[in-house]
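Novice: prediction below, plus the sequence it came from.
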Amino acid sequence: MKIKLHVWRQLNPESKGAMETYSLDGVNPDMSFLEMMDMLNEQLIEEGKEGVAFDHDCREGVCGACSMVINGEAHGPKRETTTCQLYMRHFSDGAEIYVEPFRSGAFPIIRDLMVDRSAFDRIIQSGGFISNHSGPKPEPNSIPIDPGVAETALDAASCIGCGACVAACPNGSAMLFTAAKVSHLGMLPQGQTERYDRVQDMTTQMEEEGFGSCRNYAECEAQCPKGISIAFIGRMNSDFLKASLVEPVDRRGKMKAQ
Amino acid sequence: MLTLDAKLPQGPIEDAWTNHKDQLRLVGPKNRSKYKVLVIGSGLSGASAAASIGAMGYQVECFCFQDSPRRAHSIAAQGGINASKNYRNDGDSTWRLFVDTQKGGDFRAREENVYRLAELSTAIIDQAVSQGVPFAREYGGKLANRSFGGVLVERTFYCRGETGQQLLLGAYQALEEQIAAKTVNMQTRTEVLDYVIIDGKVRGVISRDLVTGEIKRHVADAVVLATGGYGNVYYLSTNAKNCNVSALMRAYRRGAGFANPCFTQIHPTSIPASGDYQSKLTLMSESLRNDGRIWVPRNKDEKRKPSDIPEADRYYYLEERYPRYGNLVPRDVAARNAKDVCDQGLGVGPTGYGVYLDFAAAIEQKGVDAVKSKYANLFEMYERITDDDPTKTPMRIFPAVHYTMGGLWVDYNLMTTIPGMFAVGEANFADHGANRLGASSLMQCLADGYFIIPVTIGNYLSGLEKDNLTTDDEHFAKVEAEVRDHANKMLSIKGKRSTNSIHRELGKIMWEHCGIQRTEASLKEGLKKIPELREEFWNNASILGVNESMNQSMEHAGRVADFLDFGELMCRDALLRDESCGCHLREEHQTPEGEAKRNDEDFAYTAVFEYKGEGEEPELNKEPLNFEALPLMTRNYKS
């Protein structure tokens, strides 16, 4: 296959970026999109030019590292697929492909296609866990969990934190990511104690990071490589409402101050 | 000569860990914050260790080269985690898990370590559930189980085909909790390049910020290496692209003994390689062998579609050769048999190096929905990569390099031969012997991180005299200068060849000469070719850019340079181990049926290599293995 690539090149966060155009010949349709990018980089290195910087690691669709907007869509045109699991057979011979970094004010560009998604880690730090120390714990079968609940919690927990939801959203909202974690932990018995603090803390942090608000475009669901449902956003909103109505605010802060 | 004091507990094995723990010295809660521990790596073992040690009150600094600890390769583990809970009432017990693991590893692991692993397995499930890991449940709400290779009980706990992901997220969340509590200082996009040893003890590391290129010094009282395995020495493997051996090799060069480097597990069920451009291989979980039947056509020139081949013309070679375990024989046995039938010309697919993994029988019996729901994401993953629907036509699979059982030598406290330097998870050699059974890597990483290192590290730290060492110390300056020299040396090569192509060539040498099967001749040949390729690297590699900025080309080159040195060490170990055991099959030593034939008289030891300087032959040290609780027996999966 022959491919024409337009790739966003940007040296560092401060510099001005621009699209650069490259031609590739001999692309095998069974190559993954990232293997095609490797091919481009080898070609560039042999010409004495620095390769395109991009994040990637597991190359089997689970680590969430790879992040590119391909022809206007996060992770490219195939549904429920990460960039590393997108194959060149999904493009036609002679195709022109535009490759850009994930775009959001909360995801600053580091270089070329690489962005800083540490805002997601800070959202998790604000409450995306069950407070716990390592050590002896109760026998798990003493707390039965409905298999349907466990399965739905797992649907939410399957989020790989890639940030496609943010990149896809016209508002750059991180609602799907946050809602997935709030739902996963909020559905399980172990997560009940902190359930209402968690939803408040995580949504507060989300806003502080500069993510936009949700306007129900549902682009996040459409471009989520794990097919995570926006129904979880509804669940989070419902918990948020309950938390603001009935639960004491900021209990976590008060507990820590004691 | 290394001193290999394994500090093994005395007395009956059932009480060994408890007694040992009771004897360990402690650091009181008020004093813990005076000690600084660096944890290198943030996968299952690193994140669980950093979170646990941090929560106890020590100062922890944790490093990973990814942008977030959630991306570590533990996330890709699919099938499950073992624990001897005996929930299925099928006779499981700590003893049985110990026996299976020891036998699975072909008696090349320390039995005290293996027993402790089996003993801690049940607590890991309790810990994970308390963190909110959503394990599969039965209708009554109790935890579900399935079976893995090499065992005759159902003891594997799972979250669909994403068990590693869920366990890692549990550990990652625990780590993020500690980062928020400021007990852990997380350094992402940072690679640790070397270690500072003072008075024989590890006292710090030198790191490189992968975004700015800045070289930094970090002082410490103890260092925990949780840097995973080295399967990428083969270039093609099931590991993530960035997995590497550098942290281990650099510790080895500073005096840490490297144990059993030749023990590499070849996983039987990977999607076969299809072309030269391929950058990695994708695993299909071993759990698929619960319902999938493995076969090849009986006739060499079979041209029919698999569905048109009648039963009589199908060769279910595992079921025929191993009637008791069938498709659930251990990984090394399944891998070797797959290669064997392909070498006989019976393989399927365009390259002839593939066998069928067929779900037709299970679908007929249980219905397509039931089978699909059990393996949903694995089926999707397969379809995405190959464009074939495994519910309609059998999967094609072939062995691929997967887990590495070798690693830094550690004593029972998980400390390497450098005082203060510990190694946990896949980075150490301790628990799996010559072959690892399925669903036990997650078990080891979490046992090490949640339960072992938090107490053993206290024992070490309690004996330390506190001093006022800072990074201004001359030892730091010296190691930093060496790190900079290494970078400059690479950047000054200015050759023509991409380091990726050199890595790919190394991978071919390793696969051909030190792969599923090895011979004296093949290993000697490998030991000739690798130094030639290393010459090529240092004379003709094209490494662009500068150190003082992001430089992925240089990062990769540094890792390839270490793989070149390591490949040689691996072949050397494989050559010296003139026996077959587990995954290490020396063709010279087989039973008449083609099974691995151990030589316990001469090789019942752990091989520990000691670095003797650049270009010098490393020295082989031996830690003899004793088999008192479970006497040596021949591995047999046939009857």
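Specialist: Sure thing, it's come through.

Novice: got a list of what residue 136 touches?
Specialist: Here I'm looking at chain A. Contact analysis of residue A:136 by CB atoms under 8 Å, 6 or more residues apart in numbering or on different chains lists B:123, B:126. (C-beta placed from N, C-alpha, C; glycine too.)

Novice: you answered for a different chain; I wanted chain B.
Specialist: Counted by CB under 8 Å, 6+ apart, residue B:136 has contacts A:147, A:150, B:143, B:144, B:157, B:158, B:159, B:160.

Novice: quick one: residue B:267 from chain A, how far?
Specialist: Look at residue B:267 and chain A: by CB to the nearest CB, to the nearest Å, they are 13 Å apart.

Novice: what's the weakest-modelled helix or strand in chain A?
Specialist: One helix or strand of chain A scores below all others by mean pLDDT, DSSP states H and E: helix A:251-257, with a mean of 48.

Novice: can I take it that residue B:192 is in a strand?
Specialist: Yes: assessed by DSSP: H, G, I helix; E, B strand; the rest coil, residue B:192 belongs to a strand.

Novice: how is the chain carved up into domains?
Specialist: Just going to use chain A. Taking the TED database as the domain assignment, the record places the domains of chain A at A:3-110, A:117-244.

Novice: the chain in question should be chain B.
Specialist: B:13-263+B:405-463, B:269-400, B:474-601.

Novice: by mean pLDDT, show me the worst of those.
Specialist: Among the domains of chain B, domain B:269-400 has the lowest mean pLDDT, at a mean of 92.

Novice: can you get me the start-to-end distance on that domain?
Specialist: Criterion CA to CA, to the nearest Å; first-to-last residue distance in domain B:269-400 is 7 Å.

Novice: touching chain A at all, that domain?
Specialist: Yes: using CB under 8 Å from any CB of the partner chain, domain B:269-400 comes into contact with chain A via B:274-275, B:277-280, B:282-283, B:380-381, B:384-385, B:387.

Novice: how about these in CSV, adding secondary structure and neighbour count?
Specialist: Formatted as CSV, the entries for those read as follows, by DSSP: H, G, I helix; E, B strand; the rest coil; neighbours: other CB atoms under 10 Å in any protein chain shown:
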residue, secondary structure, neighbour count
B:274, coil, 18
B:275, coil, 11
B:277, coil, 16
B:278, coil, 19
B:279, coil, 19
B:280, coil, 24
B:282, coil, 22
B:283, strand, 24
B:380, helix, 19
B:381, helix, 23
B:384, helix, 20
B:385, helix, 19
B:387, coil, 12
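
Novice: with distance to residue B:485 added, can I get those in JSON lines?
Specialist: As requested, the residues of domain B:269-400 next to chain A are exported to JSON lines (distance: CB to CB, whole Å):
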{"residue": "B:274", "distance to residue B:485": "41"}
{"residue": "B:275", "distance to residue B:485": "39"}
{"residue": "B:277", "distance to residue B:485": "35"}
{"residue": "B:278", "distance to residue B:485": "35"}
{"residue": "B:279", "distance to residue B:485": "31"}
{"residue": "B:280", "distance to residue B:485": "32"}
{"residue": "B:282", "distance to residue B:485": "39"}
{"residue": "B:283", "distance to residue B:485": "39"}
{"residue": "B:380", "distance to residue B:485": "48"}
{"residue": "B:381", "distance to residue B:485": "44"}
{"residue": "B:384", "distance to residue B:485": "45"}
{"residue": "B:385", "distance to residue B:485": "42"}
{"residue": "B:387", "distance to residue B:485": "49"}
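
Novice: which of those lies closest to residue B:66?
Specialist: residue B:280 (16.1 Å; CB to CB).

Novice: quick check: closest non-adjacent residue to that closest one.
Specialist: Spatial nearest neighbour of residue B:280, chain neighbours left out: residue A:59 (5.1 Å); criterion: CB to CB, 6 or more residues apart in numbering or on different chains.

Novice: check what pLDDT that neighbour gets.
Specialist: In this model, residue A:59 carries a pLDDT of 95.

Novice: got the contact list for it?
Specialist: A:32, A:34, A:66, A:84, B:240, B:241, B:279, B:280, B:282.

Novice: now residue B:348, nearest residue through space, not along the chain?
Specialist: residue B:354 (4.9 Å).

Novice: could you measure from the one you found over to residue B:339?
Specialist: 11 Å (CB to CB, to the nearest Å).

Novice: go on, residue B:468?
Specialist: Taking CB to CB, one finds residue B:468 at 58 Å from residue B:339.

Novice: who has more neighbours, those two?
Specialist: When neighbours are counted by other CB atoms under 10 Å in any protein chain shown, residue B:468 and residue B:339 differ, and residue B:339 comes out ahead with 21 against 6.

Novice: which residue comes closest to the closest residue to chain B within the stretch 1-150 of chain A once chain neighbours are left out?
Specialist: Proximity of the stretch 1-150 of chain A to chain B (CB to the nearest CB) peaks at residue A:144, 2.7 Å away. If you skip the residues right next to it in sequence, residue A:144 has residue B:141 as its closest partner in space, 2.7 Å away by CB to CB, 6+ apart.

Novice: now the one you found: phi and psi?
Specialist: phi 90, psi 0 (degrees, to the nearest 10).

Novice: OK, contacts around it?
Specialist: A:144, A:145, A:146, A:147.

Novice: please apply the same query to residue B:3.
Specialist: residue B:417.

Novice: in which helix or strand does it reside?
Specialist: Per DSSP states H and E, residue B:3 falls between elements, in no helix or strand.

Novice: so it versus residue B:248, what's the distance?
Specialist: 20 Å.

Novice: residues of the longest helix belonging to chain B that come out buried?
Specialist: Criterion DSSP state H: the longest helix present in chain B is helix B:552-576. Using 16 or more other CB atoms under 10 Å in any protein chain shown as the test for burial, helix B:552-576 gives B:552-575.

Novice: and the next helix or strand past it?
Specialist: strand B:585-586.

Novice: which residues of chain A fall in strands?
Specialist: A:2-9, A:18-25, A:69-70, A:73-74, A:96-100, A:109-111, A:114-115 (DSSP state E).

Novice: just checking: what are the partner strands of the first one?
Specialist: For strand A:2-9, the pairing partners within the sheet under DSSP bridges are strand A:18-25 (antiparallel), strand A:96-100 (parallel).

Novice: ranking these by burial, who's on top?
Specialist: strand A:96-100 (a mean of 18; mean count of other CB atoms under 10 Å in any protein chain shown).

Novice: how far off centre is that strand?
Specialist: 20 Å (CA atoms, centre = their mean, to the nearest Å).
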